[in-house]
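Chemist: Below are the sequence and a predicted model for it; my questions follow.
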Amino acid sequence: MRRFGLVMLYTLLAACGSFASKPVYAPADEKNPLGHAVTEIGGNEYWVTFRADQQMDSREVEDYAFQRASELAVEKKKAGFDLVDQKCGEETLSWNVPEHRGNYIQAGDAYSGKPITETVIPSYTHEKDFLFCRLRIKLLDQL
């Protein structure tokens, strides 16, 4: 296990400060798997994951994961964290998109008084390759 202390924590935050302005550094959610996610395991242990598209460098993906781990330690008022496990690489995610309706207007329809054309978009499975870095950390009360 590698130990990261408060000094390292603030150094990481300062070094990564320029990354924070990029729009990809945001929480992931059900609709958008890109970004960071934290899952509590128990006993002060967490999975911290950062996922990005392949336009980003793998080293940058790892840096973002460590940035989020550092932020989590600060949020939880801990002195730092131990790195218990780390896995970084590529993964393919797939998710189902349910059937939904879409509207479109053909040229001239908006002014002609004709109704807007409605179309049904059938359900489908979307699949995409991502870069990821997943850290298992243990938050520390003291160093």
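Modeler: Cool, the structure landed.
Chemist: I'd like the mean pLDDT over stretch 119-138, please.
Modeler: For stretch 119-138, mean pLDDT is 91.
Chemist: Flag every buried residue along that stretch.
Modeler: Neighbour-count burial for stretch 119-138, counted by 16 or more other C-beta atoms under 10 Å, picks out 130-138. All C-beta spots, glycine's among them, are computed from the backbone N, C-alpha and C.
Chemist: Which of those residues fall in strands?
Modeler: Within the buried residues of stretch 119-138, residues falling in strands by DSSP state E are 130-138.
Chemist: about what we covered before: same list (the buried residues of stretch 119-138) but as CSV, adding distance to residue 74.
Modeler: Shown next, in CSV, are the buried residues of stretch 119-138 (distance: C-beta to C-beta, whole Å):
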residue, distance to residue 74
130, 27
131, 25
132, 23
133, 19
134, 20
135, 15
136, 19
137, 13
138, 16
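Chemist: Quickly name whichever of the ones in strands among the buried residues of stretch 119-138 is closest to residue 122.
Modeler: Closest to residue 122 out of those is residue 130 (24.9 Å), distances taken as C-beta to C-beta.
Chemist: Go ahead and confirm that closest one touches residue 95.
Modeler: No: the criterion here is C-beta atoms under 8 Å, and residue 130 misses it with residue 95 at 11.8 Å.
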